[in-house]
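# Sequence and predicted model, in that order:
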Amino acid sequence: MYSGCVDQPTPDPTPIEFLQLLADPLRWRLMQELARSDLRVNELTALLDKPQNLVSYHLRELRTAGLVSARRSSADGRDSYYRVDLARCGHLLCATGAELHPGLRLGFQPTGIRPGATGRAPRVLFLCTGNSARSQIAEALVQDLSSHTVDARSAGSHPKVLHPNAVRVMAVRGIDISDRPTKHLRRFVRMRFDRVITLCDRVREVCPEFPRHPVLAHWSIPDPALEGDSDDATYPAFERTAHEIETRIAFLLPQLITPAHPEETSHA
């Protein structure tokens, strides 16, 4: 059975260790790039213009501290996608400030973020293969967590019927997606989006170009439907998937209401 995850939880570094870890310019660049998109080693070496052995060394240091994790690609099992754990970074930043002085304790609450009013609603498109679970969950969560101030859509390269467990995990969160149709990505290729996010390693390889060059990002999230042979068996995987997407969206929302960083390039 495919598990996807290759890293195990690690103890928190001390505040000094955390600051020393991020003080290295190359590690800081790695964290910045991975905060924008999940990436493979060869993509990181190209972005940083550094040799693979050096990039791999610093990735190993970040993984040892639990700031970065790796997940085997579902498109190419010989490769891995690296991602930064922003929630853990936020926790460690809070702890570091409080260690220096109680007055520097940061009120870090990623799940409570709401975008404010803007002249035009930010538009984001989520893509996966079947549009039957991951991208549907992401679309619904963005709409709910942004109080519908973000225009979120979803589609798939090979649409399938909406998975009942996707409906179940969203119902637990008070969101009804039972009547939502699945859509083919061809429906959106002429539309303008601010961001296009792929949640499936396979669809990333076939992601088309969109008008006006939206910011592209990849979230390497395995298909939860593959982690069991029945709906009941796969439900825990769907719950883990929904939780991961919910966490990522909490960090996505502030980006949707601010201009893209000039170095924020297309990675999908």
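Now that the structure is in, tell me what you want to look at.
# so where's this protein shaky on pLDDT?
Within the chain, the stretches with pLDDT under 70 are 1-9, 103, 105-119, 257-268.
# biggest helix in this structure, by residue count?
Looking across the chain with DSSP state H, the single longest helix is helix 231-256.
# Off-centre distance for that helix?
From the chain centre to the centre of helix 231-256 is a distance of 9 Å (C-alpha atoms, centre = their mean, to the nearest Å).
# ditto for stretch 80-95
Counting by C-alpha atoms, centre = their mean, stretch 80-95 comes out at 12 Å from the chain centroid.
# ok, Arg78 to Arg186 distance?
Separation of Arg78 from Arg186 (C-beta to C-beta, to the nearest Å): 30 Å. Yep, even glycine has a C-beta here, placed from its N, CA and C like the rest.
# Between the two, which is the more surrounded one?
Neighbours were counted for Arg78 and for Arg186 using other C-beta atoms under 10 Å; Arg186 has more, 10 against 6.
# in the chain, which spans are helices?
Under DSSP H, the chain gives helices at 15-23, 25-36, 41-48, 52-64, 86-100, 134-145, 164-172, 201-204, 231-256.
# can you give me how far the fourth one is from the chain middle?
Translated: helix 52-64. 21 Å.
# And it, what does it pack against?
Packing partners of helix 52-64 (3 or more C-beta pairs under 8 Å, 6 or more residues apart in numbering; DSSP states H and E): helix 25-36, helix 41-48, strand 68-72.
# and if you look at the longest one?
Based on contacts counted as 3+ C-beta pairs under 8 Å, 6+ apart, the elements that helix 231-256 packs against are helix 86-100, helix 134-145, helix 164-172, strand 195-198.
# Would you mind writing the CA trace of the last one as CSV?
Coordinates of each C-alpha in strand 195-198 appear next as CSV, following Å, rounded to 0.1, in the frame of the first residue of the first chain:
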residue,chain,number,x,y,z
ARG,A,195,-3.3,31.3,-9.0
VAL,A,196,-3.5,27.8,-10.4
ILE,A,197,-2.6,25.0,-7.9
THR,A,198,-2.1,21.4,-8.8
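# For it, which strands pair with it and how are they oriented?
In the sheet, strand 195-198 lines up against strand 123-128 (parallel), strand 215-218 (parallel) (DSSP bridges).
# Show me the contact partners of that strand.
122-128, 138, 204, 207, 210, 214-219, 252, 255-256, 268 (C-beta atoms under 8 Å, 6 or more residues apart in numbering).
# Skipping adjacent residues, who's closest to Val169 in space?
Distances taken as C-beta to C-beta, 6 or more residues apart in numbering place Ala242 nearest to Val169, at 4.3 Å, with adjacent residues excluded.
# cool, and Tyr235?
Excluding its sequence neighbours, the residue lying closest to Tyr235 (C-beta to C-beta, 6+ apart) is Asn165, at 5.3 Å.
# residues contacting the residue of the chain most remote from its centre?
Within the chain, the residue lying farthest from the chain centre (C-alpha atoms, centre = their mean) is His101, at 32.3 Å. With contact set as C-beta under 8 Å, 6+ apart, His101 has no partners.
# quick one, phi/psi of the residue most central in space within the chain?
With distances taken as C-alpha atoms, centre = their mean, Trp219 lies nearest the centre of the chain, 4.1 Å away. When read as degrees, to the nearest 10, the backbone of Trp219 gives phi -110, psi 110.
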